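**Student:** Can you look at this prediction? I've put the sequence above it.
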Amino acid sequence: MSVPATCDLDGITPYVPSTTKPWDERRIKHLYRRMGFGTDLATLQAAESLNPQILVDALVNQAVNLAPTPAPAWGNWDLSDYSNVNTEGPDQVLEWYAQFVTDMLTNGLRDKLTLFWSNHFVTKLDVYQCPSYMYQYYNLLQVNGLGNFKDFVHAIGISNAMIVFLNSYENTATSPNENYARELYELFTLGENNGYTQNDIVETAKALTGWNGFTEYCAPITFNDPNHSHANKTIFGQSGDWGYDDVVNILFAQRDAQVAHFICTKLYKYFVSPVPNQSIVDEMVSTFLSSNYEIAPVLKQLFKSDHFFDDDVIGVNIKSPMEMMVTFIIESGFTHDETVINGTQYYGALLGQELFSPVDVAGWQGNHDWINSTTITGRWLIIDYFCQYAYSQNSEEFRTLAIDLVGGVSTDPDLVTQKIVDHFVPRGLQTPAEYQQAAAVFRDVYPSNYYTLGLWNLSVEFAPYQVFLLLGHLLHTPEFQLT
């Protein structure tokens, strides 16, 4: 699978549609796939008449203003609230797995970012093992995902899930634990070996002591001053009796440029290309700093840029398992029920992307790491399952998809093939021969004279099955794996 590198052809200046770079179906789909997981055909068609700058602002503002997912009844339970935690707890976990998938299917950018931040501020459910911590962590990602990054860093470090996952509850004045201090710098804000020393980690760990006030399983973990070190600490050259708030303030005061570059690079790689464009990242950094670490202005600038809509950044990322499944469900328009939602979580885990449990504290590395000789076969089998399940539930939806894409009951099988292919594949197929091969799969159900004599159109009996067969062929192409 060939993934183009990012070229430095277009800059951060706002995208203005032109004859050489039109605001067309291809770029509209690119925007919705990167800002979310694709969208329905009606929304795509409506976007053609909109100004892309205004549309981006509207989509980001919509995500900023979207209320977080309401808390479940058990969202703040501790052990005393359970009748039987061993039976109720697993059901609650499954409920919130399904909620995460449902939100990705519904909320576009807001929960594309929830997925992103869950892989940045990593925790693992199998370590903290508490449904209410699971919900509270998820809520924190939703609430802060498009907000102020400094506030986000402050909130995540004293969240119950993170305190348990990175052993902050063991961090006391007499026995400091360096786990969170190390990951705060290495993975969450600065990047590996970038602007901090081992002594900074040691001193920061002392400043972070005391977050271990604990009463029972799943109860809130609070600050316990007797376990906090009040010794003098020196962090990034500044000395004092520092505590948690001081650590965050000193970090952003002394290392703001490094924080901005690390985060903006990571956002660029997630939303644009695995190969960072340094000049674009530098412009994002400038906006991040001038807006006092606000995330939304950076994303608005990026998504509205001429660079974002360049041909060289369309279809260059390999879909994660979640992107592959959620985007297919949305873009197909096929009805999805509880079986599909639960299957998405289950099969995502089989392919290496288990929600609430990234592979390690560094998270899923993404892109080429998603594809190997084992996972590619699994991806084919799983996306086949979604297609087959949809067909078994309502085969007429396959006919509807084709009619909607073509704009009527077409009599041209090659046109139908092209429209379906181009709907699901961001860069299309690479050669005319590949389109011909796809059309041959689509045509195969009926004898050739049906087409030459004009006996075929999308209303014929087996047209849904033809669309099903074409999708089965398309979903196995290398191009389908790109976004």
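**Tutor:** Thanks, I have the structure now.
**Student:** Would you map the strands across the chain?
**Tutor:** Assigned by DSSP state E, the strands in the chain fall at 233-235, 238-240.
**Student:** which residues sit against the last one?
**Tutor:** Spelled out, it's strand 238-240. N232, K233, D246, I250, Q254 (CB atoms under 8 Å, 6 or more residues apart in numbering). (Each C-beta comes from the backbone N, C-alpha and C, glycine too.)
**Student:** at 10 Å instead, please
**Tutor:** E203, A207, N232, K233, T234, D246, N249, I250, A253, Q254 (CB atoms under 10 Å, 6 or more residues apart in numbering).
**Student:** what's the distance between the nearest residue to the third one once chain neighbours are set aside and E203?
**Tutor:** Right, N232. Once flanking residues are discounted, N232 sits nearest to S239: 5.8 Å by CB to CB, 6 or more residues apart in numbering. Note on S239: its distance to E203, by CB to CB, to the nearest Å, is 9 Å.
**Student:** joint contacts of the two?
**Tutor:** Counting by CB under 10 Å, 6+ apart, the residues touching both S239 and E203 are N232, K233.
**Student:** Neighbour count for these two, which is higher?
**Tutor:** Per other CB atoms under 10 Å, whichever of S239 and E203 has more neighbours is E203, with 24 against 10.
**Student:** so that one touches T209, yeah?
**Tutor:** No: with contact defined as CB atoms under 10 Å, E203 and T209 do not form a contacting pair (11.2 Å).
**Student:** Identify the contacts common to the two.
**Tutor:** P176, S229, A231.
**Student:** got the contact list for the spatially closest residue to the last one that is not a sequence neighbour?
**Tutor:** Okay, so that is A231. Distances taken as CB to CB, 6+ apart place K206 nearest to A231, at 6.4 Å, with adjacent residues excluded. When contacts are counted by CB under 10 Å, 6+ apart, K206 touches 171-173, 176, 178, 181, 228-233, 235, 241-243, 247.
**Student:** can we see that at 6 Å?
**Tutor:** P176, S229, K233 (CB atoms under 6 Å, 6 or more residues apart in numbering).
**Student:** Can you get me a residue count around the last one?
**Tutor:** Residues near K233, counting by other CB under 10 Å, number 24.
**Student:** Correct me if wrong: it contacts G243.
**Tutor:** No: K233 lies out of contact with G243 (CB atoms under 6 Å); the separation is 9.4 Å.
**Student:** Mutual contacts of those two, please.
**Tutor:** A207.
**Student:** Neighbours of F271, how many?
**Tutor:** F271 has 19 nearby residues by other CB under 10 Å.
**Student:** For it, which non-adjacent residue is spatially closest?
**Tutor:** F271's closest residue in space is R34 (CB to CB, 6+ apart), at 5.3 Å.
**Student:** Against Q136, how distant is that neighbour?
**Tutor:** From R34 to Q136 the distance is 29 Å (CB to CB).
**Student:** okay, those two: which has more neighbours?
**Tutor:** R34 (22 against 18).
**Student:** pLDDT score for the more buried one?
**Tutor:** Turning to R34, the model gives it a pLDDT of 98.
**Student:** cool, and A5?
**Tutor:** On the pLDDT scale, A5 gets 42.
**Student:** Could you give the number of residues near E338?
**Tutor:** 9.
**Student:** What sits closest to it if chain neighbours are left out?
**Tutor:** A98 (7.4 Å).
**Student:** Report whether the expected contact of the one you found with T339 is present.
**Tutor:** No: A98 lies out of contact with T339 (CB under 6 Å); the separation is 10.8 Å.
**Student:** who has more neighbours, those two?
**Tutor:** Between A98 and T339, counting by other CB under 10 Å, A98 is the more crowded of the two (16 against 10).
**Student:** so how far is M104 from that one?
**Tutor:** Applying CB to CB to A98 and M104 gives a distance of 11 Å.
**Student:** ok, now K29?
**Tutor:** 17 Å.
**Student:** So which of these two has more stuff around it?
**Tutor:** When K29 is set against M104 and neighbours are counted by other CB under 10 Å, the residue ahead is M104, at 26 against 23.
**Student:** Can you give me the distance of that one to N224?
**Tutor:** For M104, the distance to N224 - CB to CB - is 37 Å.
**Student:** Which residues are in contact with V60?
**Tutor:** Contacts of V60 by CB under 6 Å, 6+ apart are A296, L299, K300.
**Student:** where does the residue nearest to the last one when sequence neighbours are not counted land on pLDDT?
**Tutor:** In this case it means K300. Counting by CB to CB, 6+ apart, V60 is the residue found nearest to K300 once chain neighbours are left out, at 5.1 Å. You'll see V60 listed with a pLDDT of 98.
**Student:** can you check T374 too?
**Tutor:** At T374, pLDDT is 90.
**Student:** got it, and L9?
**Tutor:** With respect to pLDDT, L9 has a value of 43.
**Student:** again, but for W96
**Tutor:** So, for W96, pLDDT stands at 98.
**Student:** what's the answer for the one 5 residues further on, then?
**Tutor:** Note on V101: pLDDT of 98.
**Student:** Just the helices from the stretch 301-450 of the chain, written as ranges.
**Tutor:** 321-332, 338-350, 373-393, 396-406, 413-424, 432-443, 448-452 (DSSP state H, counting those that start in this stretch).
**Student:** Pick the most buried one from these.
**Tutor:** helix 321-332 (a mean of 23; mean count of other CB atoms under 10 Å).
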